[in-house]
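In: Structure here, sequence nowhere to be found:
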Ligand SMILES: C[S@@+](CC[C@H](N)C(=O)[O-])C[C@H]1O[C@@H](n2cnc3c(N)ncnc32)[C@H](O)[C@@H]1O
């Protein structure tokens, strides 16, 4: 077995055990996750399609991280994304669940508009149609549930709080106060031993040659999530960080 084949069999727990907050390690880990995405035809075809049509953000490496997470899931799990754009991550979770014979209840909280924050703007688009398009492109039933609005609104928090989730992924507004609200409101919905995935949040880590994310997001994670003793930080891959509920 060559080295890449052996790395391809490493699990999320393996990567968590060996993660280091070190510039060289993180440059290597991100580059390796990119190669592992490209070696997997399912991940590669999905990310190629997304990149060719500006259907999503983040790094190619993150597709491998989502695969590691889904591979860790029980046969039935639930997923909540805060800040759905055009459906890249909702469809990827559905695709990975389908290919591993898992049932996934998939929820996405989204304004369905080009709602912006102080850091980022987005194009005008028919977002609901875009989310349908990426699902049909990959032969996925539109089995996702959309919660439509801005994440800091009480109504959205109440709607999402009707259930707990095995994975919560926060990638909505990037203003400090929005991220704090998201961590407090939606982090609380992560099941025991479930995962909280934070985008754009590695500015205070030794993240090597990767793009570190956005300072207000990283500050919120440092001030609110890192001191929360009910979560354990597992690793960062570039600006994506994975925490587990203890
Ligand atoms: C960076 S994009 C998400 C990208 C997505 N995770 C992906 O990989 O394709 C952030 C999205 O969150 C939306 N957004 C911004 N502020 C928000 C808020 N307060 N509540 C919910 N969504 C928000 C934006 O309109 C945008 O669609």
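Out: Nice, I can see it. Every value quoted in this text rests on a predicted model; they were computed, and no experiment measured them.

In: Against the ligand, how distant is the nearest residue to residue 114 once chain neighbours are set aside?
Out: The shortest distance from residue 114 to any non-neighbouring residue, by CB to CB, 6 or more residues apart in numbering, is to residue 122 (4.1 Å). Where C-beta positions appear, they are placed from N, C-alpha and C, glycine not excepted. Going from residue 122 to the ligand by CB to the nearest ligand atom, to the nearest Å gives 5 Å.

In: same deal with residue 218?
Out: Residue 218 is 15 Å from the ligand, by CB to the nearest ligand atom.

In: how about the strands of the chain, start to end?
Out: For the chain, the strands defined by DSSP state E cover 76-82, 103-110, 145-148, 165-170, 190-198, 231-237, 240-245.

In: Can you lay out the ones you listed as TSV showing mean neighbour count, mean pLDDT and distance to the ligand?
Out: TSV is the format used below for these (neighbours: other CB atoms under 10 Å; pLDDT from 0 to 100; distance: least, CB to the nearest ligand atom, whole Å):
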stretch	mean neighbour count	mean pLDDT	distance to the ligand
strand 76-82	22	98	6
strand 103-110	21	98	6
strand 145-148	17	98	9
strand 165-170	25	98	7
strand 190-198	20	98	10
strand 231-237	19	98	14
strand 240-245	23	98	10
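
In: Get me the contact residues on this protein for the ligand.
Out: Contacts of the chain with the ligand, taken as CB under 6 Å from any ligand atom, map to 56-58, 83, 85, 88-89, 109-111, 114-115, 117, 122, 150-152, 171-173, 178.

In: Okay, and which of these map to helices?
Out: Within the residues of the chain next to the ligand, residues falling in helices by DSSP state H are 88, 89, 178.

In: Much appreciated, bye for now.
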